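S.K.: sequence first, then the predicted structure, then my questions.
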Amino acid sequence: MSGLINTLTNIFSLEQKRGYSNTAVVGGLANFIGFLQSNANTENISAEDINSLISLFNRYAVLSLEDRITAVSTVIKWMRDDPGVNRLHLTMPSSLENAAPKPESHGQDKALSGLLQSIRGIGEKNSLFFNKLGIFSIYDLLRFFPRRYQDFSQLKTINRLEYGDELSVIGTLKNDLYTRNAKRGNLKIIEGVLSDSTGSIKITWFNQPYLANQIGKGSAIVVSGKVDMYLGRLVMNSPDWEPLDSDQLHTNRIVPIYPLTAGLSQRQIRKIIYQNLPFWSTRVKEYLPEEVLECEKYPPIANALSHIHFPDNTEQLDQTRARLAFEEIFFLQLGVLAQKTDWSSQTARRYALSAQEINKSEERLPYQLTNDQKAAIKEILADLNSGHPMNRLLQGDVGSGKTVVAKFAIQTIIENGAQAAVMTPTSILAEQHFRTLTQLLTQDEVAKEDEIALLIGSTPQKERPEILEKLADGRIKVLVGTHALLEDPVTFNDLQLAVIDEQHRFGVEQRIKLHEKGENPHLLVMTATPIPRSLALTVYGDLDVTTISEMPAGRQPVETRLLHPNQRKEAYTLIRDQVAAGFQAFIIYPLVESEEETDEDYRAAVNEKERLAKEVFPDLKIGLMHGKLKPAEKEKVMLDFRKKKYQILVSTTVIEVGVDIPSATVVLIEGANHFGLAQLHQIRGRVGRNMDQSYCLLIPENETALENERLAVMVKTNDGFKLAEFDLDQRGPGEFLGTRQSGYAGLRFSSITDTQLIEKCRKYAKAIFEEDPGLSQPEHQLLLEQLKYCWPGIQFNLNN
Ligand code: ADP
Ligand code: MG
């Protein structure tokens, strides 16, 4: 290779290594032009090519990052191609020839959203592994945060090591590494002795014979790991190690530990991030408002991104985490507020129901509405008639009578010719609502039976086209269903009201999706899970809240008893007594370590039903309900139970939410210790739905599980609000919200129970929206961009 080509190669590789920062030549690449010109004649490079190079060096400073990458790789390829005399002509991509310096943009550098493959250390194959981890762009990689850290920042001399220490040791290998086979198995053991001026310690690796080629007698290395004991002497087994003179990223520092996927090792990920971090993190422009950084003393984003991966010390890591925790909640809030601003700035059609009609409907009900129900209806009707889309959360404990309130909203919409949708988390609940609403709406003569339809995951394929067609042309006025409603082919003629029942089972995304099925429809979400204030501000920050705190007249609190497994007989006696008095009972079998019903649950329910029918209640009729039944079968079982064809219903948790059988007065929960508190409360809510005393019997799996704190709380209180607070404290938001609440389950640095942080974020988010509701000011462009990054797939129709 010629001298000039050699020099050029060095310059460009350095330029690459330094992230195209125009620093490979002191003062910038343009300073190299003189050298290039004076050496041009000595080489067999054509004058044309020299000119191309000069022109490139001249313009390099004003090229965008992307263009620099293209240019450098073109030149490197050209140089490598050199077969000797006939060097091919250097052709720069034409886009580059005309490349003008990019105008100063208000957004992030576009190169950040470039594909991973364009950076060092990541090729075609590697990038697929990263994709599996959800990392597609360079920015994704920067935000691929360590799961945890190992603190190897502590250094000790060998004489001060103690058993159990986790730290780093610096020393020199006394001899070459020694490899031997283990006595049993085909394990290879590699041993060495590390010494410093104070002593020495044996280190051992397993099945890494190649180490002997990498280090040997006299190698100065750093090892990090745990100090162990073998035959009375201190040793270190399988420590991480690095040469002392390298950049230490696996040892002698706080070492990041990343979530892994097959194909990528911890060391590989660390190295790739370490190599690319300095350049790319400094490319990220600050998106948080200056005021926030100043008041809260958070580090700037470039530092945060760098330090979250490779912190220098724990204080720095803590500061960085504080910033990232703030970001999580802040962007959550901002998203929710953006949604609210978006919706409430829109106009919606007005719908009204006359006082006369309300009265008539009320009179047809078999009971008196409670005052809270009346107030809720009034508020909702006012929303529907406000000219802006309703966004209301109706919260009320299990059995407080939310369905009938929703009915008034639906009635108002369909009387005026538009459509309503009701979405539920389970098909059993969808079927029940379908039936209840059909009954109420036909009795009010606002809809005919065939104007109300049910759509669930298992609605037969051959029935779908008709439903979809009637929905699209408006013949169906009310569609009740599960998340099947959200699927693409479901299009409404004119959806004007979306009702979501048991909202806590859905994510914000689903709420938004259903909303998008109509043209500014009104939205009513209902939940029986009372929301502690901190949560309400975040999760439901975009909603107006109505609470029903009053139970229908005559309701008695459910009496809850905790029984020993050997007191099961008493439970059966109580069930028998209640059945004799004309009531019905549920017996629920546990959910084992999963949110969905498992095969085990199913088998438990099936087996127990047989046992109960044979040995315990041979004279009674027992129904069986579980998730494996076909929808039609489920419906039949529920219907038969409602008609009292069965006195007892043995079930898995498929009936957990919403199911309403007023004549059921006992629920026996087996394996009660397996359930979450919110779930237990929901299941208990299946009884106590009439004027009679109801019972909830909890039997834990075994004697030891009797100590279960959750069960004790269940016995103590019937108040869903208190239970929710307790649950949130004990188990955190994951359990409380259900893992289906994507976005919230994903909080890494913050906790949704951190009221202080939530309030703080809310204050800032609100101030920003007050000043700039459309986030359209230039200084908010980076913020808006980051907001979109945090809420992928969600359209923020802000006015800009
Ligand atoms: P939830 O709020 O748990 O969804 P539902 O709407 O299923 O409660 O109502 C529970 C039961 O209470 C139903 O059987 C319903 O008919 C009945 N109900 C609703 N409102 C009243 C009321 N004001 N008085 C008596 N019973 C009522
Ligand atoms: Mg309900």
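M.R.: Done, it's in. Ligands and ions are numbered 1, 2, ... in the order given.
S.K.: what's the local residue count around residue 700?
M.R.: Using other CB atoms under 10 Å, residue 700 has 22 other residues around it. Yep, even glycine has a C-beta here, placed from its N, CA and C like the rest.
S.K.: quick check: it touching residue 708?
M.R.: Yes - checked against CB atoms under 8 Å, the pair residue 700 and residue 708 is within contact range at 6.0 Å.
S.K.: shared neighbours of the two, which are they?
M.R.: Residues touching both residue 700 and residue 708 by CB atoms under 8 Å, 6 or more residues apart in numbering: 672, 673.
S.K.: for the residue of the stretch 451-600 of the chain found nearest ligand 1, what are its contacts?
M.R.: For the stretch 451-600 of the chain, the residue positioned closest to ligand 1 under CB to the nearest ligand atom is residue 552, at a distance of 3.1 Å. Counting by CB under 8 Å, 6+ apart, residue 552 makes contact with 367, 370, 399, 400, 401.
S.K.: now render those residues as CSV, adding pLDDT.
M.R.: Output for the contacts of residue 552, formatted as CSV (pLDDT from 0 to 100):
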residue, pLDDT
367, 93
370, 95
399, 84
400, 90
401, 93
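S.K.: list buried members of those by neighbour count.
M.R.: The neighbour-count criterion (16 or more other CB atoms under 10 Å) marks 370, 399, 400, 401 among those as buried.
S.K.: can you classify the residue nearest to residue 32 when sequence neighbours are not counted by secondary structure?
M.R.: The shortest distance from residue 32 to any non-neighbouring residue, by CB to CB, 6 or more residues apart in numbering, is to residue 25 (4.7 Å). Using DSSP: H, G, I helix; E, B strand; the rest coil, the three-state assignment for residue 25 comes out as coil.
S.K.: hmm, residue 25 is touching residue 11, no?
M.R.: Yes - under the contact definition of CB under 8 Å, residue 25 touches residue 11, with a separation of 6.2 Å.
S.K.: any common contacting residues for the two?
M.R.: With CB under 8 Å, 6+ apart as the test, residue 25 and residue 11 both reach residue 32.
S.K.: so whatever residue of the stretch 651-800 of the chain ends up closest to ligand 1 is in which element?
M.R.: Taking CB to the nearest ligand atom as the measure, the point where the stretch 651-800 of the chain comes nearest ligand 1 is residue 660, at 4.1 Å. Using DSSP states H and E, residue 660 maps to neither a helix nor a strand.
S.K.: contacting residues for the residue nearest to residue 416 when sequence neighbours are not counted?
M.R.: On the basis of CB to CB, 6+ apart, the spatially nearest residue to residue 416 that is not a chain neighbour turns out to be residue 351, at 5.1 Å. Residues counted as contacts of residue 351 (CB under 8 Å, 6+ apart) are 384, 385, 412, 413, 416, 418, 496, 522.
S.K.: ChimeraX command to pick out the buried ones of those residues?
M.R.: The buried subset of the contacts of residue 351, as determined by 16+ other CB under 10 Å, is captured in ChimeraX by this line:
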select :384,412,413,418,496,522
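S.K.: after the longest helix seen in the chain comes which helix or strand?
M.R.: Using DSSP state H, we find that the single longest helix of the chain is helix 314-344. Counting by DSSP H and E, the next helix or strand C-terminal to helix 314-344 is helix 355-364.
S.K.: what's next to that next one, contact-wise?
M.R.: Surrounding helix 355-364, the residues in contact under the criterion CB under 8 Å, 6+ apart are 369, 377, 381, 408, 411, 415, 443, 444.
S.K.: now with 7 Å?
M.R.: Contacting residues not belonging to helix 355-364 are listed as 369, 411, 443, 444 [CB atoms under 7 Å, 6 or more residues apart in numbering].
S.K.: who wins for neighbours among those residues?
M.R.: Among those, residue 411 has the most neighbours (other CB under 10 Å), with 25 neighbours.
S.K.: could you measure from that residue over to residue 542?
M.R.: To residue 542, residue 411 is 25 Å away according to CB to CB, to the nearest Å.
S.K.: any stretches of the stretch 101-250 of the chain with poor pLDDT?
M.R.: Low-confidence regions of the stretch 101-250 of the chain, defined by pLDDT under 70, span residues 101-105.
S.K.: on that earlier part again, return the distance of the residue of the stretch 451-600 of the chain closest to ligand 1 relative to residue 369.
M.R.: Counting by CB to CB, the gap from residue 552 to residue 369 is 9 Å.
S.K.: ok, now residue 473?
M.R.: When distance is defined by CB to CB, residue 473 is 35 Å away from residue 369.
S.K.: next, residue 36: phi, psi?
M.R.: Here the main-chain torsion angles of residue 36 (degrees, to the nearest 10) amount to phi -60, psi -50.
S.K.: hmm, I was thinking of residue 698
M.R.: In terms of degrees, to the nearest 10, the main-chain angles of residue 698 are phi -110, psi 120.
S.K.: wait, it sits on residue 711?
M.R.: Yes - the criterion here is CB atoms under 7 Å, and residue 698 meets it with residue 711 at 5.3 Å.
S.K.: any common contacting residues for these two?
M.R.: Counting by CB under 7 Å, 6+ apart, the residues touching both residue 698 and residue 711 are 562, 672.
S.K.: the more surrounded of the two?
M.R.: Taking neighbours as other CB under 10 Å, residue 698 and residue 711 compare with residue 698 leading, 27 against 22.
S.K.: show me the contacts for the closest residue to the more buried one other than its chain neighbours.
M.R.: Spatial nearest neighbour of residue 698, excluding adjacent residues (CB to CB, 6+ apart): residue 672 at 4.0 Å. The contact partners of residue 672, by CB under 7 Å, 6+ apart, come to 680, 698, 699, 700, 711.
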